[in-house]
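> got a predicted structure here, sequence first:
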Amino acid sequence: MFSPLGPPEGTFVQKIREAGRLTGVGKREQGFYLLDLKRRKLYLDEGCTSFRQFVRLNTDLEPREANELVRVAEDLEELPVIDNAFSDGLLYWSAVRAIVRIATPRTEDEWVEFARSNTVYEVEKKVASLKRGDRPRDGGFSGGPVWFPHKFKASPELHQAIECLQAVLSLCLPPSVPPGGR
């Protein structure tokens, strides 16, 4: 099936896109069936006591990924324009996964157009800066700094290393204060 020399010259991009499309369609189908299995508790028929156990024993997915596929499948039930655009090959799966977090039946047409005219990276960046129900043209990413809060427990040694690294980095980065202060 795969030649060690690869596809003929000029078809690499086409083959990469085809493989990506197959992967996306597979994820959509997997999400559809996992959602049905979870809703109907069919995992019990397979001798499993939970959806999580079923996923661990019967798929190559991590439970987190399976839950994400189920979430997207649920969202697509309420967003037929996005689902149809994906089915018609107009959207990448990664873009669909991102925009269903934000889109509503009222805004999904705009999100489909936005996803069709922007890269997946741009779509994900835009979605990360908005909340459910927002439109693509609403505020969002302005190119300014993005802050990622982290909360974790650290040993005294790790805490000291983080403090030292923060001090060194503060000398290299432009001065700015994250939202909420330091």
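It's in.

> who are the packing partners of the longest helix belonging to the chain?
Counting by DSSP state H, the longest helix found in the chain is helix 12-39. Under the contact criterion of 3 or more C-beta pairs under 8 Å, 6 or more residues apart in numbering; DSSP states H and E, helix 12-39 touches helix 51-58, helix 63-78, helix 80-87, helix 93-99. C-betas here are computed from N, CA, C, even on glycine.

> highest mean neighbour count out of these?
Highest mean neighbour count among the helices and strands packed on helix 12-39 (mean count of other C-beta atoms under 10 Å): helix 93-99, with a mean of 23.

> which other helices and strands contact it?
helix 12-39, helix 63-78, helix 80-87, helix 108-116, helix 120-128.

> and the contacts of the helix or strand of the chain with the lowest mean pLDDT?
Within the chain, no helix or strand scores below helix 156-172, which has a mean of 83 by mean pLDDT, DSSP states H and E. Contact with helix 156-172 is made by residue 154, as judged by C-beta atoms under 8 Å, 6 or more residues apart in numbering.

> how far does it sit from the chain's center?
Computed by C-alpha atoms, centre = their mean, to the nearest Å, the chain-centroid distance of helix 156-172 equals 31 Å.
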